[in-house]
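*Asks:* okay, sequence plus prediction incoming.
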Amino acid sequence: MKAGDELPALEIPVTRTLIVAGAVASRDYQDVHHDTEAARAKGAPDIFMNILTTNGLVGRYVTDHFGPAARLRAVRIRLGAPNYPGDTMVLTGTVTALGPDGTAEVRIVGANGLGHHVTGTVTVSVQEQDS
């Protein structure tokens, strides 16, 4: 592994079930994440994914790539275009730096049909950890 290495893209279908289940699992009961009419009343065309679900998907993307010994050390993300049902989010990543302590910094982009849903940086430990 070296700076500049790219992670394989991961396509995630954005379904109603994913949006609602992610909101419930993260105890985010804001109506815009499960009630279409409430979301429309607040100016959105439909329900949309919450940041906690996005954060979890970003973490999964990185740890799936680096394997079972990988440990997230920092996740810094920013949301952009909403993830609405029926779209697909494509996560991509590039290793931007390697630390002397066995960490890797990965630049993440998650794009959908509207643009960049999420951008950010993840720091992950990639060395085997003692049990």
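*Replies:* Everything's here; your move.
*Asks:* quick one: mean pLDDT over stretch 99-106.
*Replies:* What stretch 99-106 shows for mean pLDDT is 94.
*Asks:* send me it as CSV with only the CA atoms.
*Replies:* Extracted in CSV, the C-alpha atoms of stretch 99-106 (Å, rounded to 0.1, in the frame of the first residue of the first chain):
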residue,chain,number,x,y,z
GLY,A,99,1.7,7.2,9.0
PRO,A,100,4.7,5.7,10.8
ASP,A,101,2.2,4.4,13.4
GLY,A,102,0.6,1.9,10.9
THR,A,103,-2.2,4.2,9.9
ALA,A,104,-3.5,5.2,6.5
GLU,A,105,-5.4,8.3,5.6
VAL,A,106,-8.0,7.8,3.0
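*Asks:* which residues touch residue 122?
*Replies:* If a contact means C-beta atoms under 8 Å, 6 or more residues apart in numbering, then residue 122 has 58-59, 62, 72, 74-76, 93, 105-106, 108 as its contacts. Quick note: C-beta positions are derived from backbone N, CA and C, even for glycine.
*Asks:* helix or strand for residue 65, which one?
*Replies:* In this structure, residue 65 sits in helix 51-66 according to DSSP states H and E.
*Asks:* got it, and residue 120?
*Replies:* Secondary-structure element containing residue 120, defined by DSSP H and E: strand 115-125.
*Asks:* which strands border that strand, and is each parallel or antiparallel?
*Replies:* Each strand that strand 115-125 pairs with, and the sense of that pairing, follows from DSSP bridges: strand 71-79 (antiparallel), strand 103-112 (antiparallel).
*Asks:* in stretch 66-78, which residues are buried?
*Replies:* Neighbour counts over stretch 66-78 (16 or more other C-beta atoms under 10 Å) mark 66, 70, 72, 75, 77 as buried.
*Asks:* wait, residue 26 sits on residue 57?
*Replies:* No: the pair residue 26 and residue 57 does not pass the contact test of C-beta atoms under 8 Å, sitting 11.5 Å apart.
*Asks:* okay, the two: which has more neighbours?
*Replies:* residue 57 (23 against 15; other C-beta atoms under 10 Å).
*Asks:* which regions of the chain sit below the pLDDT cut-off?
*Replies:* Flagging of the chain using pLDDT under 70 yields the residue ranges 128-131.
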